[in-house]
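A.B. asks: have a look at this prediction, sequence included:
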Amino acid sequence: MTPRIDHLQITVKDLDIAEKFYDKLMPILGFDLSKKSKGRVPANEFDVIEYAHKNLTIGFNSPREQFKNDVIHRRKPGAVHHLAFAANSKDEVDEIAERLKEINANIVDGPRLFPQHGENYYAVFFKDDEGIKYEIVYENRDYL
């Protein structure tokens, strides 16, 4: 098997808040909003919004009723720590960082080199409106 992620599903606290943010973010990441879909999975009691791309589909799910008031924290067991999207160059990281500012994404750090992650590790880290962390990274990986 060749490792490849087909889709991700991320549970958010408020699907309406999430949709407003991700409708602005996903085109920056290369997703076409015309491929966005919404639905309900009654058997599992959640609503979902999915953004599809030929390389990856990302879905955002509503929480179960008993968890809707929980605090999102990336260090909880089972939580997504962060998602990193690969850029094609440092310039692309910089361009995306500017676009992230335009949509009022919470820029946590960067864009800059992060030598603690690798000699050529250039990234910008940001969070969505509920505190879920993302990264845009470029690293010249000659060893892969």
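C.D. replies: It's in.
A.B. asks: going forward, measure contacts and count neighbours with C-alpha atoms only.
C.D. replies: Will do.
A.B. asks: do a quick rundown of the helices in this protein.
C.D. replies: 15-28, 90-102 (DSSP state H).
A.B. asks: shaky segments in the protein?
C.D. replies: Applying pLDDT under 70 to the chain flags the ranges 142-144.
A.B. asks: one more time with 80
C.D. replies: The chain contains residues with pLDDT under 80 at 141-144.
A.B. asks: per the record, what domains does it have?
C.D. replies: Domain ranges of the chain: 1-65, 72-144, per automatic domain parsing.
A.B. asks: can you list these in CSV and add mean neighbour count?
C.D. replies: Compiled in CSV, the domains of the chain are given as follows (neighbours: other C-alpha atoms under 10 Å):
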stretch, mean neighbour count
domain 1-65, 15
domain 72-144, 16
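A.B. asks: quick one: contacts for Thr11?
C.D. replies: 60-63 (C-alpha atoms under 8 Å, 6 or more residues apart in numbering).
A.B. asks: pairing partners for it in the sheet, please.
C.D. replies: Applying DSSP bridges to Thr11 yields these beta-bridge partners: Asn61.
A.B. asks: how far away is it from Arg4?
C.D. replies: As judged by C-alpha to C-alpha, to the nearest Å, Thr11 and Arg4 stand 21 Å apart.
A.B. asks: which residues touch the residue nearest to Ala79 when sequence neighbours are not counted?
C.D. replies: Closest residue in space to Ala79, ignoring its immediate chain neighbours: His73 at 7.2 Å, by C-alpha to C-alpha, 6 or more residues apart in numbering. Contact analysis of His73 by C-alpha under 8 Å, 6+ apart lists 79, 131-132.
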